[in-house]
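J.: predicted model and sequence below, questions to follow.
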Amino acid sequence: MNKIALIYSFNTKKTGKIAERIREEFGDDNLIPVNAEELTEEQFLSFDQFVLGVPTWFDGELPNYWDEFVPALEDMDLKGRKFALFGLGDQKGYPENFLDGLGLMAEILEGQGAGLVGFTSTEGYEFESSRAARGDLFAGLAIDYENQGSMNKERVKAWVEQLRSEFS
C-alpha cells in the first residue's frame, strides 16, 4: 500500500482523537500525519491517497484552515488521486446542516477530478439535511462526538477495514 496522507488540524481535540483512532486501526506506518494548518501545496501534491479530517464549524462551514486552502485546491488537477473524508458534526444541535463541512470538501475535491472512497451509511443518524448525504450514504465517515460518542470506535474500525480495500 502506498503512503497515505492523514491531514487534520493538530490543534483540534475531537478530530485529533478520531485521527489517532484511524492511525491505530491502520496499525502500520502507511499513514503520514500532516497538520492541515501548516499544509503547503507541494506537500499536498506529494501524495496520491488521502484521509482528510473535516469537522463542520458553526452553521455548516469549513474550518478556517481548510477554507484558506480551498483556493489552492481549486487550482489543482486531482485526477487519479483518492480521498477518504471523515467529518465531525452535531446532528441534534445542528440538524439542518449536519456534516456540511464534509459535504463542501467532497464537492470541491470532486470538482477537481478527485475520486472519493469511504462512503458510509446514513442509517442510525437523525438530521434534517446534510451536504454530505448522497441518498442513503455520507461522502465519508460521519462522527457525532456529542450524541453518539460511544459508537466512534466501532465506526472507525469498520471504516478503516473498508478503506483498506478501497485504497488498494
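T.: Okay, I see it.
J.: which one's the longest helix in this structure?
T.: Using DSSP state H, we find that the single longest helix of the chain is helix 152-167.
J.: just the buried positions in it, please.
T.: Neighbour-count burial for helix 152-167, counted by 16 or more other C-beta atoms under 10 Å, picks out 152, 155-156, 159-160, 162-163, 166-167. To be clear about C-beta, it is placed using only N, CA and C from the backbone, and glycine gets the same treatment.
J.: equivalent analysis for stretch 131-140, please.
T.: Along stretch 131-140, these residues count as buried under the neighbour rule (16+ other C-beta under 10 Å): 131-133, 138-140.
J.: then stretch 65-82?
T.: Of the residues in stretch 65-82, those buried by neighbour count under the rule 16+ other C-beta under 10 Å are 65-66, 69, 73, 76, 78, 81-82.
J.: between those residues, which is closest to residue 95?
T.: Proximity of those to residue 95 was ranked by C-beta to C-beta; the top entry is residue 66 with 22.3 Å.
J.: just to check, that closest one is in contact with residue 56?
T.: No. Counting by C-beta atoms under 8 Å, residue 66 sits too far from residue 56 to count as a contact (10.5 Å).
J.: what sits in contact with each of the two?
T.: By the contact definition C-beta atoms under 8 Å, 6 or more residues apart in numbering, residue 66 and residue 56 are jointly contacted by residue 101.
J.: tell me which stretches of the protein form strands.
T.: Counting by DSSP state E, the chain forms strands over residues 4-8, 31-35, 49-53, 82-88, 115-117, 120-121, 133-134, 137-138, 141-143, given from the N-terminal end onward.
J.: just checking: what are the partner strands of the first one?
T.: Which is strand 4-8. Based on DSSP bridges, the pairing partners of strand 4-8 within the sheet are strand 31-35 (parallel), strand 49-53 (parallel).
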